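Visitor: sequence first, then the predicted structure:
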Amino acid sequence: MTTPNASVVVTSYATPTPMLAMSIVSLLTQTVSEVEVVLVVDGALSVASEDLIGQMQRDDERLVVVRPGRVGRARALNLGLQTARAPLVGIQDADDASHPRRLEIQMALLEANPKLALLGTGARIIASLTETADWELDDEQPEVRTIARDILRSNPIVHSSVLARRTAVESVGGYDERRSAQFDYDLHLRLYTAGNSLGVTDVPLVLHRRHPDQFFEGLSPVGRAWGSCRLQMSYISKLGGPMKLGYYGIAGSRLVYQVGRGVAWRWSSRLGHTT
């Protein structure tokens, strides 16, 4: 089996079968074929999902399934990265989906920007459980916006849109398995403070679902926002002088904003509407 150009890690914990199907199909039908999909089953699959995955594996050897049992999200992500064989590794949540050109565009941008360690993309954030990632893209040439100290303000990278160089992720130790949340933001902050260049293209290449059944939605808005704020402040504390005070103020303002946004989203998502 040839080495793929990109491997995408999908971790699944009790993902409904229809969404899991849409997620994996969206990766196996990319416009670039040298792709590997690594599905890490964090726990166990339903009978319907087992049948689905079994048939998919018989139809396409590019789908690799890892079954460690219930290990938690961070450990599952690291196991996926360890299994992946490509020099570029991506992430996609099991209930999200990728535009058919996602990897084609990201791989081209990383090749054109060799100093980038990680590239995220724009996303369509929705509450729909059935919508697919098949929208029309503009003909304009995608541009990359480099993320510098702004990452101390907030996390501008949608986790499901990440495509990164394996060596960079390995150099900072992958995901922190001691954490129970904010795995992605913590990784991005460690990559940045280690001197890596991070970037985002605003082209929407990922369908990011937000719905009440997600683990993310099970957390209180205040708890989520405070966790993010504490993580920010742990890195802001390393700055010096007036800059530190300024970023502390920004972190406090973001805390209030995130609580308000989280409450609004929880209500709207439970009513079946997007914000």
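Guide: Alright, I've got the coordinates.
Visitor: run through who's touching stretch 102-119.
Guide: 5-6, 8, 27, 30-32, 35, 88, 90, 121, 133, 142, 144, 146, 157, 161-165, 168-169, 188, 191, 196-201, 203, 205-206 (CB atoms under 8 Å, 6 or more residues apart in numbering). Just so you know, the C-beta spots here come from the backbone N, C-alpha and C atoms, and that holds for glycine as well.
Visitor: show residues contacting stretch 175-194.
Guide: By CB under 8 Å, 6+ apart, the residues outside stretch 175-194 that reach it are 72-75, 77-78, 81, 91, 117-118, 147-148, 151-152, 155, 157, 159, 162, 168-169, 171-174, 198, 219, 224, 227-228, 231, 235, 238.
Visitor: switch to 6 Å and redo it
Guide: Stretch 175-194 is contacted by residues 74-75, 77-78, 117, 151, 155, 157, 159, 172, 198, 227-228, 231, 235 when judged by CB atoms under 6 Å, 6 or more residues apart in numbering.
Visitor: now, those that are in helices?
Guide: Mapping the contacts of stretch 175-194 onto helices (DSSP state H) picks out 74-75, 77-78, 227-228, 231, 235.
Visitor: for PyMOL, what selects the buried ones among those?
Guide: Buried members of those, defined by 16 or more other CB atoms under 10 Å, are picked up in PyMOL with:
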select buried, resi 74+75+77+78+227+228+231+235
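Visitor: kindly indicate which of the ones in helices among the contacts of stretch 175-194 lies nearest Gln57.
Guide: Proximity of these to Gln57 (CB to CB) peaks at Leu77, which lies at 20.8 Å.
Visitor: leaving out the residues flanking it, which one is nearest to the closest one?
Guide: Distances taken as CB to CB, 6 or more residues apart in numbering put Tyr175 closest to Leu77, at 4.7 Å, once the chain neighbours are dropped.
Visitor: and Ile125, by the same measure?
Guide: Nearest to Ile125 is His208, by CB to CB, 6+ apart, at 4.9 Å.
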